[in-house]
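> Sequence and predicted structure, then a few things I'm wondering about:
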Amino acid sequence: MFSFTGRGVEHCPGTELLSNKGHTHQQGKMADAIDDRPQSKRIFVNHVDAYSGKNISKFLSDCVVGSSLEEGEEGSEGEEDRGSDYIPPSKEGTYTIIGTLQNPANAKPDWVKEVVQYAAKEELADHLMECDIIIYDITEDPDQIDEATWACSALHAELEHFDNPKMFILLSSVMTWAKSKPLDPDDPEIPFTEDDYRRRKPHPNFKNHISAEKLVIKNGKTNKGKFVTYVVAAGLAFGMGESIFHFLFKAAWEGKSPALQVFGTGTNIVPSIHIKDLAGVLQNICDQRPKTRYIVAVDDSQNTLEEIVRHISTHLGDGKVKHVTKEEALLSKDLAQADFDQLLVNLRMEAMFVKESMRIMWIAETGMCENIDTVIREYKQSRGLLPMRACIMGPPAVGKTTIAKKLCEHYKLHHIKIKDVIDEAVENLKRLSARADEGEEEEDDGKAQEAQELLDAIQESRESNNDRIEDQYIIRFYREKLRSMPCQNQGFILDGFPKTYEQAKELFAVDDEEEGEDEGGKVPSYHKGTMPEVVISLDAPDDFLKVRVMNLPEGQVAGTHNTEEGLTRRLTEFRNINREDETILNYFDELEIHPDHIDVSKDVSDDMRQTVDKLIKSMGEPRNYGPTPEELEEMERKATEERLKREAQEQEERERREAEEAAERARRQEEWAERLDEVRRQEQEVLEAQSTPLRNYLMKHVMPTLTQGLIEACKVRPDDPVDFLAEYLFKSNPQVD
């Protein structure tokens, strides 16, 4: 029988054994679960602050070890929306990044565990020995070739002392294939693959790269179980801010050149790969340890240089391209020799091993041209080149144009004034319509005819509206201007337009083919690419504005609306269309873009500097490339001039103060001397005044007796005149009886 107590079974034969077995089974499950968890590995990446090193290390830091071996698992999901300051979420078993900095002054990236700083290579070797995987990129900095070969050789020399197997990956360039002869002279379109790597011939400027490749492959053959090496010949990397292609992207974004340059004929095939796809290749190598030691990493595109330039120009610039000779291209100081060499490479390559043996979540498998919108978005976000859009409103003569001009100069934005917009649009229409007279309308698909018809309609509108253009045409011109590439790239400031609620609603309306509403219809629809982020409402009393206009120089008033009569009329119109219950500011309030109200009558500075500084502080830092080298030189020149001027003023002030101090000292010394003489004179007078009673006494009582004594001494002629005189005075003293 079994006996029960309040605590359960007291004892049963076999119960203890079953319990122990169950406990052991549970522990085994827990141990298996722990063993199944991915173990982190330490990866060394050189120059984690450079373009390739930064993007590769950031990618790998979010990859779980071994994730590329599992179907559908990628460590980089959702990365396309990350900002440059992104910190990956905490995961178990991700790669731990160790690295060096190209610029020691840079801060450690957030995703890097440790930055290696070393004075001697031996110190670096100690850190490399602690890592499981070492990745050296030699595509950006040629100086890293010597360090990479030294690191590989140093690790190879310590092969017998490894605690764990190590992997060395050399990230090289397809430029080591640049001069390779075609596989079939009769069919030059046959692409190179990894199998042909022994036939590769480098570009003259990349001979050191191929030497490093050979050394790395050789060192990996000694003991593959302990030390395995790989060489990755990467295509020209693009995406995430650009490096090699940055010259083209920047030129298109700035829009300063009339056309984007194509070097030479532009028919050369440029092998390329998105930097994140390249990082995916490296992740697969780290996870798989493949038997193939030389791997080509390129996408499926076979784009020519001209195709790449045209796509960049069309989607980021004005769409124009211009062929220039190689000699002309080298004259550009913004284009490095190494980038120039790579852009002119002509290679057909196919990454057979990558396609057949690796699991990669491709960002741009079909190349840059097919994914140009994504690449441009990454370029703008990575470099912080986001447009700044603002609108300044207020009554006439309040200072809208002055402030807008200064803000545009500070932020390098486009100043959108109604007269300029109309003049530019009409000029473009005239230029287009002129093509109809030249017989080119067929090439323009009827655009010339449309331009002429629009010009005729505008002219009719002016004739019937007292030389004024109807709102529909003005808004059309504004929409075209705000949606142009320059305004979409850098941004703009609207100066005094739109003026009414209806104008704003029509100007910022979305097109029919675009999405109609946001947030389930709660917010009115609008075009996000043209809607101002900042709305500034300037205001001042009418009397203040009238006084301001009256004080303007006559030259500034002549030929404008700023006469007394014109200002009064414009102020009346403005106040009538901007009542409390009906104003354009209500439009922006409805969109939750609340205007900043500024009373300019309180600004007493020159050129409204106080208001401008206040707006700059609220609008934040510029979102562009910053000053150009020429602007920096000009700023430095002005700073030097101001410094010299300030030093001259300080020297002049110092000399003035010293002269004043010297004059003050001389004045005080002279004053002191005068006072001293006065004191002496006064003392003398006091002494003389004090001596008068004594003199009178002597003359009355002493001098007569003394005189008589002297006379007697002369008569007697004693042997001791002094004694005689003393005796005489004593005897003759009237006070002595």
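Cool, got the structure. Since we're looking at a predicted model, the values are computed, not measured. Numbering: from 1, shown residues only.
> Quick one: residues in contact with the helix or strand hosting N576.
Assessed by DSSP states H and E, N576 sits inside helix 564-577. Here helix 564-577 makes contact (CB atoms under 8 Å, 6 or more residues apart in numbering) with 395-397, 499-500, 542, 545-546, 549-550, 560-561, 583. The way it works is simple: take the backbone N, C-alpha and C, and place the C-beta from them, glycine included.
> For stretch 193-206, the averaged confidence score.
Computed over stretch 193-206, the mean pLDDT rounds to 94.
> picking up where we left off before, list the buried ones in the helix or strand that the helix holding N576 is followed by?
Proceeding N to C from helix 564-577, the next assigned helix or strand is helix 584-590, under DSSP H and E. Neighbour-count burial for helix 584-590, counted by 16 or more other CB atoms under 10 Å, picks out 584-585, 587-588.
> Let me know the secondary structure of the residue nearest to R199 when sequence neighbours are not counted.
Spatial nearest neighbour of R199, chain neighbours left out: S180 (6.1 Å); criterion: CB to CB, 6 or more residues apart in numbering. When classified by DSSP: H, G, I helix; E, B strand; the rest coil, S180 comes out as coil.
> Count the neighbours of E502 for me.
For E502, the neighbour count with other CB atoms under 10 Å is 13.
> so what's it closest to, chain neighbours aside?
Nearest residue to E502, sequence neighbours excluded (CB to CB, 6+ apart): D471, at 8.0 Å.
> And the one you found, how close does it get to I458?
D471 sits 12 Å away from I458, going by CB to CB, to the nearest Å.
> Same check on I275?
Per CB to CB, I275 is found 49 Å from I458.
> Who has more neighbours out of the two?
Comparing I275 with I458 by neighbour count (other CB under 10 Å), the higher total belongs to I275, at 25 against 20.
> quick one: contacts for the more buried one?
I275 makes contacts with 51-52, 55-56, 237-240, as judged by CB under 8 Å, 6+ apart.
> Now with 6 Å, please.
When contacts are counted by CB atoms under 6 Å, 6 or more residues apart in numbering, I275 touches 55, 237, 239-240.
> sorry, back to before: number of nearby residues for the residue nearest to R199?
Residues within reach of S180, counting by other CB under 10 Å, total 17.
> Touching, it and P202? I think so.
No - S180 lies out of contact with P202 (CB atoms under 6 Å); the separation is 8.6 Å.
> quick check: mean pLDDT across the helix or strand harbouring A663?
Remark: A663 resides in helix 629-697, with elements defined by DSSP H and E. On average, the pLDDT along helix 629-697 is 88.
> and the contacts of helix 564-577, which of them are in strands?
Among the contacts of helix 564-577, none falls in strands (DSSP state E).
> of the residues you listed, closest to V231?
Nearest to V231 among the contacts of helix 564-577 is K499, at 65.0 Å by CB to CB.
> what's the distance between that closest one and Q283?
Look at K499 and Q283: by CB to CB, they are 56 Å apart.
> Near the spatially closest residue to P387 that is not a sequence neighbour, how many other residues are there?
Spatial nearest neighbour of P387, excluding adjacent residues (CB to CB, 6+ apart): G491 at 3.6 Å. Neighbourhood size, G491 [other CB under 10 Å]: 24.
> Show the pLDDT at G491.
95.
> OK, contacts around it?
Here G491 is in contact with 387-389, 413 (criterion: CB under 6 Å, 6+ apart).
> and of those, the nearest to L260?
Among those, and counting by CB to CB, the member closest to L260 is P387, at 19.7 Å.
> What are the phi and psi values at the closest one?
When read as degrees, to the nearest 10, the backbone of P387 gives phi -60, psi 140.
> what's the answer for G620, then?
Dihedral angles for G620 - degrees, to the nearest 10 - are phi 90, psi -170.
> Tell me how far it lies from F168.
45 Å.
> Neighbour count: those two, which is higher?
Neighbours per residue, other CB under 10 Å: of G620 and F168, the larger number sits with F168, 24 against 10.
> Show me which residues of the helix or strand where the more buried one lies are buried.
Assessed by DSSP H and E, F168 sits inside strand 166-173. Buried residues in strand 166-173, counting neighbours by 16+ other CB under 10 Å, are found at 166-173.
> Switch those residues over to JSON lines; also include pLDDT.
Shown next, in JSON lines, are the buried residues of strand 166-173 (pLDDT from 0 to 100):
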{"residue": "K166", "pLDDT": "94"}
{"residue": "M167", "pLDDT": "95"}
{"residue": "F168", "pLDDT": "97"}
{"residue": "I169", "pLDDT": "97"}
{"residue": "L170", "pLDDT": "97"}
{"residue": "L171", "pLDDT": "97"}
{"residue": "S172", "pLDDT": "96"}
{"residue": "S173", "pLDDT": "96"}
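> related to what we said a few turns ago, the strand holding F168 pairs with which strands?
strand 133-137 (parallel), strand 227-234 (parallel) (DSSP bridges).
> ok, the helix or strand that comes right after the longest one: who's next to it in the sheet?
As assigned by DSSP H and E, the chain's next helix or strand after strand 227-234 is strand 236-238. Using DSSP bridges, the neighbouring strands of strand 236-238 in the sheet come out as strand 272-274 (parallel).
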